[in-house]
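1. sharing a model prediction with you, sequence too.
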Amino acid sequence: MAQSAAPASGSVAIPELTPISLKAIAPWAVFVGILMLTLLYFVGAEQGATALVSGEGVHEWVHDGRHLLGFPCH
Amino acid sequence: MHSVSVRALLVRGMLAGLATGVLALLTAYLLGESHVDAAIAFEEAHSHDHGDGVELVSRTMQATGGLATGVLVYGVALGGIAALAFCVALGRVGRFGPRATAALVSLGAFTAVFLVPFLKYPANPPAVGDPDTLDQRTALFFLMIALSVLLTVGAVVLGRRLAPRLGNWYATVAAGLALVVAVGLAFAFLPAVDNVPEGFPAGVLWQFRLAALAIQLVLWTGFGLLFGELAERLLGRRAVPA
């Protein structure tokens, strides 16, 4: 599937790696990218400036990691 | 075929992020925690009201389980994102094999996601940072990361555009220079934040920030080497030995 980026398959002497087509990457980038950014949000910012979950539990639990990873904590 | 390799690379990226997250966690625990404790001691001695009537999570849990959760999730998440960046970069940034591409992506991610934002809005220990300005500082910090990532990606694209005319070496130098100028402008125009309270020990602040830098260096160096190895083995069949 999605081999549009591949040059003529007959020429073997191409020293560069065939790039993975952006069409193949896009769905992964969207879904997994958003999932990963959500994880980062919970580690880095939840219950700080913004809160999806009420209380202080998430903030207090990841408190040290948040400071040491460079996020503004409080 | 290619779709499968995106998935396979993503899984390896997240596993590599988890594994090097363990090393980063050890670094954080061994180098960072004592400075967090020192900062909290300062905070309590100066009764900087933190709203801590009841201790929700004990210091011990914060320094172990809590720290582990934060650092490991951070490692997995950035490992996944870096793997996606690797998928795009592979074969597009020059004649680099999987290992060298992984090293370059790690270097770029370290610089764009951590180092550049850190130079403008460095990591702060507890007691440093006015809670009243948290909203503003959070917005500025994430804006800085977004800007830094965009400018870095822009510099890579610029470098590729210039390469046919200037050759790889000068195109890379020119793109790097453009990135430095753009980041410098961003630094100059974004507002400065200085919340260090009166009397806060400078040594603790310095050591804390060095520890934060060390954690990221361990994380990204480890990730670049480990993920590069895994990617090389996965793609080895199609890779041309460099």
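-> Arrived safely.

2. residue in chain A nearest to chain B?
-> Relative to chain B, the nearest point of chain A is A:G65 (2.0 Å; Cβ to the nearest Cβ). All C-beta atoms are positioned from the backbone trio N, CA, C, and that covers glycine.

3. could you pull up the mean pLDDT of the helix or strand encompassing B:A178?
-> Taking DSSP states H and E as the criterion, B:A178 maps to helix B:134-189. For helix B:134-189, mean pLDDT is 96.

4. right, and the helix or strand after that helix?
-> Once the chain leaves helix B:134-189, the next helix or strand it forms, by DSSP H and E, is helix B:202-235.

5. that following helix - contacts with which helices or strands?
-> On a contact count with 3 or more Cβ pairs under 8 Å, 6 or more residues apart in numbering or on different chains; DSSP states H and E, helix B:202-235 meets helix A:63-68, helix B:2-27, helix B:33-45, helix B:67-89, helix B:98-109, helix B:116-120.

6. and that helix with helix B:33-45, angle?
-> With axes from the mean of the first three to the mean of the last three Cα atoms, to 10 degrees defining the directions, helix B:202-235 sits at 140 degrees from helix B:33-45.

7. next one: helix B:202-235 to chain centre, how far?
-> 8 Å (Cα atoms, centre = their mean, to the nearest Å).

8. now A:I25. Its backbone dihedrals?
-> phi -80, psi -30 (degrees, to the nearest 10).

9. isn't it right up against B:F86?
-> No. Between A:I25 and B:F86 there is no contact under Cβ atoms under 8 Å: 10.0 Å.

10. I'd say B:F142 and A:Y41 touch.
-> No. If you go by Cβ under 8 Å, B:F142 and A:Y41 don't touch, sitting 9.4 Å apart.

11. how about the helix holding B:A178, does it get close to chain A?
-> Yes. Judged by Cβ under 8 Å from any Cβ of the partner chain, helix B:134-189 and chain A are in contact via B:L134, B:D135, B:R137, B:T138, B:A139, B:F141, B:F142.

12. ok so, going back, residues touching the residue of chain A closest to chain B, list them.
-> Shown in contact with A:G65 (Cβ atoms under 8 Å, 6 or more residues apart in numbering or on different chains): A:V43, B:A28, B:G66, B:L67, B:A68, B:T69, B:G70, B:V71, B:Y74.

13. recalculate using a threshold of 6 Å.
-> B:L67, B:G70, B:V71 (Cβ atoms under 6 Å, 6 or more residues apart in numbering or on different chains).

14. near chain A too, which of those?
-> B:L67, B:G70, B:V71 (Cβ under 6 Å from any Cβ of the partner chain).

15. what number of residues lie near the last one?
-> Look at B:V71: counted by other Cβ atoms under 10 Å in any protein chain shown, it has 28 neighbours.

16. just the pLDDT for A:G48.
-> Note for A:G48: predicted pLDDT of 88.

17. wait, a strand at it?
-> No. Going by DSSP: H, G, I helix; E, B strand; the rest coil, the assignment for A:G48 is coil, not a strand.

18. OK, contacts around it?
-> Taking Cβ under 6 Å, 6+ apart, we find A:G48 in contact with B:T138.

19. buried set for the lowest-mean-pLDDT helix or strand in chain A?
-> Every helix and strand in chain A was compared by mean pLDDT, DSSP states H and E; the lowest is helix A:57-61, with a mean of 92. Residues A:V58, A:H59, A:E60, A:W61 are the ones in helix A:57-61 that count as buried (16 or more other Cβ atoms under 10 Å in any protein chain shown).

20. which of these come close to chain B?
-> A:E60, A:W61.

21. how about the contacts made by the closest residue to chain A within chain B?
-> Going by Cβ to the nearest Cβ, chain A is nearest to B:G70 of chain B, at 2.0 Å. By Cβ under 6 Å, 6+ apart, the residues touching B:G70 are A:V43, A:V62, A:G65.

22. okay, now the unreliable bits of chain A?
-> Applying pLDDT under 70 to chain A flags the ranges A:1-16.

23. which bits of it sit near chain B?
-> By Cβ under 6 Å from any Cβ, the residues of chain A that approach chain B are A:15-20, A:24-25, A:28-29, A:32, A:36, A:39-40, A:43, A:48-49, A:56, A:60-65, A:67-70, A:72, A:74.

24. am I right that A:V53 falls within a strand?
-> No. The assignment for A:V53, made by three-state DSSP, is coil rather than a strand.
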